[in-house]
Structures are given as structure tokens and as C-alpha cells.
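Chemist: Need the 3D shape of this:
(one chain, ligands or ions: 2)
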Amino acid sequence: MSESGAAREWTRAIRLIETSSGIYVATHIRPDGDALGSLLGLSLALEKAGLQVAALCADPVPSTYAFLPAVDWILSSPPDWQADVGIVVDCDGLARVGALEPALAGLPSLIDLDHHDTEQAFGQEQLIDPTAGASAEIVYDLLREMELPLDAEISTCLYAAVLTDTGRFCYGNTTARSLRIAAELVAGGADPHAIARKVYEERSMAATHLLGVALSRLAATTDGQVVSSVLRPADFAETGASSSDTDGIIAHLRAIGGPRVAILFVEPDHDAVRVSLRSDGSVDVSEIALEFGGGGHAMAAGCTVTGKAELVERRVLDAVSLALNRPSEQDAG
Ligand code: 5GP
Ligand code: MN
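Modeler: Residues are numbered from 1 along each chain as shown. Ligands and ions are numbered 1, 2, ... in the order given. Have a look, this model is predicted:
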């Protein structure tokens with residue numbers, strides 16, 4: 001029953017898109033590779049199919065992703081024409097689009113395209129698949145279903161998205177489907193070597209210094225089950241790094257063998273702390289992030305918490321420690 005329900009949802013969503021007079025495609029604040037790759041891949045494909053499209057993201061594009069085709073096309077606020085359909089990609093909850101929320105919430109039709117295992121679904125139609133390694137895998141399926149061609153630009157965007165959200169095809173969310181889609185995207189013109197170099201091998205000196213600061217502050221707590229680090233406002237000033245230069249630092253913490261949870265606390269300015277959480281799979285960190293108003297996936301989640309940094313850090317560490325010591329999760333681990 002749910003199968004045919006899902007199939008009907010896809011049919012209705014495709015009809016909405018194909019008969020639209022104008023579409024806003026949007027993604028989340030502090031965009032990552034999947035957010036931007038899905039946004040651009042989908043927007044480009046729809047535009048090339050002759051639809052009127054605006055690609056929207058309230059926050060700036062981190063320099064790592066400046067190589068993506070058509071990246072300059074992204075607007076931080078809605079254009080001067082009115083859309084009748086919105087497609088929101090990679091957002092567990094409409095609030096994740098930040099300042100764009102009122103413009104999207106007011107549209108006649110909204111489609112939620114996402115791979116979060118979420119209770120925050122929104123919109124008339126939901127193309128949600130938590131088994132997808134990246135939202136871009138769902139975009140890929142949608143374009144195939146709509147029989148839209150994948151050129152090198154679209155393939156590059158979607159490949160970068162799948163690559164980054166599956167941690168270079170290493171994380172637990174990597175499936176045969178992720179790899180099959182990646183293969184199709186390479187056949188469609190995505191260059192795996194060039195994209196990997198851009199995403200992983202062009203870190204700036206400032207960002208590398210910031211990584212060094214984070215690594216110099218590693219702290220193990222909860223009997224070695226948690227490893228964490230912090231970045232303060234002064235670290236950004238001293239290294240010249242920007243707040244998006246923290247991308248990828250958590251992967252180094254996650255790579256340490258032994259701890260079950262890795263946490264990076266980032267205090268870009270003085271009134272809020274960005275918390276990144278990673279798990280080895282034995283504890284669901286999205287539940288912890290949710291307690292603090294954030295969300296994410298079981299093994300990768302985050303939140304932004306207002307308050308004094310030391311207090312926020314203490315509260316998050318306590319919540320993680322509590323989750324780790326819950327009997328059921330220890331059994332599962
Ligand atoms: P990161 O630690 O890389 O910033 O975020 C990891 C994942 O957690 C993201 O892919 C996203 O799914 C989720 N996430 C991060 N920050 C937030 C947040 O503030 N709210 C929600 N709902 N999810 C977040
Ligand atoms: Mn994603």
C-alpha cells in the first residue's frame with residue numbers, strides 16, 4: 001500500500017513540476033556538498049527543460065564549492081517573479097531554509113525532497129527516502145523519472161553531492177545504489193578526480209591552520225568514549241579562517257579509533273555555539289541534536305545553541321554521556 005502511495009506521490013510531484021509557471025528550488029542554511037549539489041543539479045535540469053527556475057540558499061556558498069557549475073546563479077533571497085511551486089532539498093524541516101522560510105511557506109505548492117529520517121516533513125508532496133545516501137540520489141531518480149537528460153554540468157553537481165554526503169563512499173549510508181548512481185554520473189560527464197581534488201585537496205592555508213588549532217585541543221571525556229574539540233572567536237581572527245573553513249574538521253575527530261562520539265564545538269562569534277556530532281553507529285546522535293533544537297542523521301548531526309560557550313559545551317557533553325550510558329544503546333553497540 002505504501003509503495004503505491006509513494007508512487008502516486010511521485011506522479012503528483014512530477015505533474016506539479018511539469019505544469020508549473022515558475023519554480024523556486026531551495027536548500028538549507030550553512031549549505032554542504034549535498035545541499036548545493038542537489039540544489040544546482042535539480043535547478044539546472046529543470047531550467048534546461050524550459051522551466052522558469054530560481055535556485056535559492058539564504059547563506060553564502062563556502063569557497064570549497066565555488067567550482068560547482070552555475071554556482072553564481074544561486075540567490076540568497078527570492079527573485080522579482082513569483083513562483084507557483086517550491087522544491088526544498090535536503091532539509092529536515094522547512095525552518096532549515098532560514099530567512100527564505102516565509103517566501104517558501106507562502107507558495108501554492110511545496111515539495112519536500114529529502115533523505116533525513118525525519119518527523120519534520122512538510123509540503124503538499126514528499127519525496128523522502130531515508131535509505132538514500134544523499135538527497136542528490138533522490139534528485140537523480142526524479143530526473144530519470146521525468147526523462148530529463150543528464151549533461152556534464154548536472155552530473156558534476158549530483159556527483160559532488162553523493163561524494164560528500166557518503167564521505168567519499170565510506171560512510172554507513174553508502175549503498176549499491178549510491179555507487180550505481182555515481183557510476184551513471186561519471187558516464188554523464190562528472191570527473192571524479194577533478195571533483196575530489198576541488199572538494200578535498202584545495203584546503204587554504206588559513207583553514208589548515210584552523211584545523212591545526214582544533215587538533216591541538218583534542219579532549220577525551222566519558223572514559224574515552226567521547227572526543228571533542230573547540231574553536232573560539234579568537235582562533236578565526238588569528239588564523240584568518242572563515243566559519244565555513246570548519247568543514248571537514250570533524251572528519252579528523254571521527255577518524256580517531258576508540259571514541260564512540262566525536263564533537264566539534266565552534267564559537268564563530270560570542271552569542272552561539274555550533275555543535276557538530278558524529279557517532280560510530282552505536283548511538284543515534286540526531287536524537288541528541290534534536291534535544292538542542294537541531295537534527296540530522298543517526299551518525300552525523302548538528303545544532304546551534306545560544307548561550308555561554310562553556311555552559312553549552314557542558315550541557316551537550318552531559319547529554320552525550322547520558323545517551324552513551326543508556327543500557328539499550330550499550331547493548332546495541
Ligand atoms: P554538520 O555537523 O556537518 O554541520 O551537520 C551534520 C548533519 O547534521 C547535516 O548534514 C544536517 O543533516 C544536520 N544538521 C546540522 N546542523 C543542523 C541544525 O541546526 N538543524 C538540523 N535540523 N539539522 C542539522
Ligand atoms: Mn544530505
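
Chemist: Outside of stretch 234-249 itself, which residues are in contact with it?
Modeler: With contact meaning CB atoms under 8 Å, 6 or more residues apart in numbering, stretch 234-249 is reached by 30, 32, 60, 62-64, 200, 203-204, 206-207, 209-211, 213-214, 229, 231, 264, 266, 268, 274, 276. C-beta: built from backbone N, CA, C; applies to glycine.

Chemist: And stretch 8-22, by the same measure?
Modeler: Stretch 8-22 is contacted from outside by 23, 46, 51-54, 81-85, 87, 109, 111, 124-127, 142, 145-146, using CB under 8 Å, 6+ apart.

Chemist: Go through it and flag the buried ones.
Modeler: Using 16 or more other CB atoms under 10 Å as the test for burial, stretch 8-22 gives 9, 13-14, 16-17, 20.

Chemist: Can you tell me the element the residue nearest to Trp73 when sequence neighbours are not counted falls in?
Modeler: Among residues not flanking Trp73 along the chain, Ala55 sits closest, at 5.6 Å (CB to CB, 6 or more residues apart in numbering). Assigned by DSSP states H and E, Ala55 belongs to strand 53-56.

Chemist: got it, and Glu137?
Modeler: Judged by DSSP H and E, Glu137 forms part of helix 135-145.

Chemist: mean confidence for that helix?
Modeler: Mean per-residue pLDDT for helix 135-145: 98.

Chemist: quick one: is whichever helix or strand comes after that helix near ligand 1?
Modeler: Using DSSP H and E, the helix or strand that follows helix 135-145 in sequence is helix 152-165. No. Helix 152-165 lies out of reach of ligand 1 by CB under 6 Å from any ligand atom, never closer than 7.3 Å.

Chemist: What is the subsequent helix or strand relative to helix 152-165?
Modeler: helix 176-187.

Chemist: Could you look up the SS state of Leu277?
Modeler: Here Leu277 is recorded as strand under DSSP: H, G, I helix; E, B strand; the rest coil.

Chemist: partner residues bridging it?
Modeler: Ile263, Ala301 (DSSP bridges).

Chemist: From Leu215, how far out is it?
Modeler: Separation of Leu277 from Leu215 (CB to CB, to the nearest Å): 18 Å.

Chemist: Settle it for me: which of the two has more neighbours?
Modeler: Higher neighbour count among Leu277 and Leu215: Leu277, with 30 against 12, using other CB atoms under 10 Å.

Chemist: Might one say that that one is in contact with Val261?
Modeler: Yes. Leu277 lies in contact with Val261 (CB atoms under 8 Å); the separation is 6.6 Å.

Chemist: quick one: common contacting residues for those two?
Modeler: Joint contacts of Leu277 and Val261 (CB under 8 Å, 6+ apart) are 285, 320.

Chemist: Around ligand 1, which positions in the stretch 1-150 of the chain sit nearby?
Modeler: 32, 92-93, 96.

Chemist: Narrow these to those that are buried.
Modeler: For those, buried by 16+ other CB under 10 Å: 32, 92-93, 96.

Chemist: of all the residues you listed, which two lie farthest apart?
Modeler: Asp32 and Gly93 (16.0 Å; CB to CB).

Chemist: And the residue of the stretch 1-150 of the chain found nearest ligand 1, what's its pLDDT?
Modeler: The minimum distance from the stretch 1-150 of the chain to ligand 1, using CB to the nearest ligand atom, falls at Asp92 (4.9 Å). Here, the pLDDT recorded for Asp92 equals 96.

Chemist: so it touches Ala301, yeah?
Modeler: No. Applying CB under 8 Å as the test, Asp92 and Ala301 come out as separate, 9.8 Å apart.

Chemist: which neighbours do these two share?
Modeler: With CB under 8 Å, 6+ apart, Asp92 and Ala301 have common neighbours Gly295.

Chemist: Quick check: end-to-end length of stretch 15-25?
Modeler: Taking CA to CA, to the nearest Å, stretch 15-25 runs 16 Å from one end to the other.
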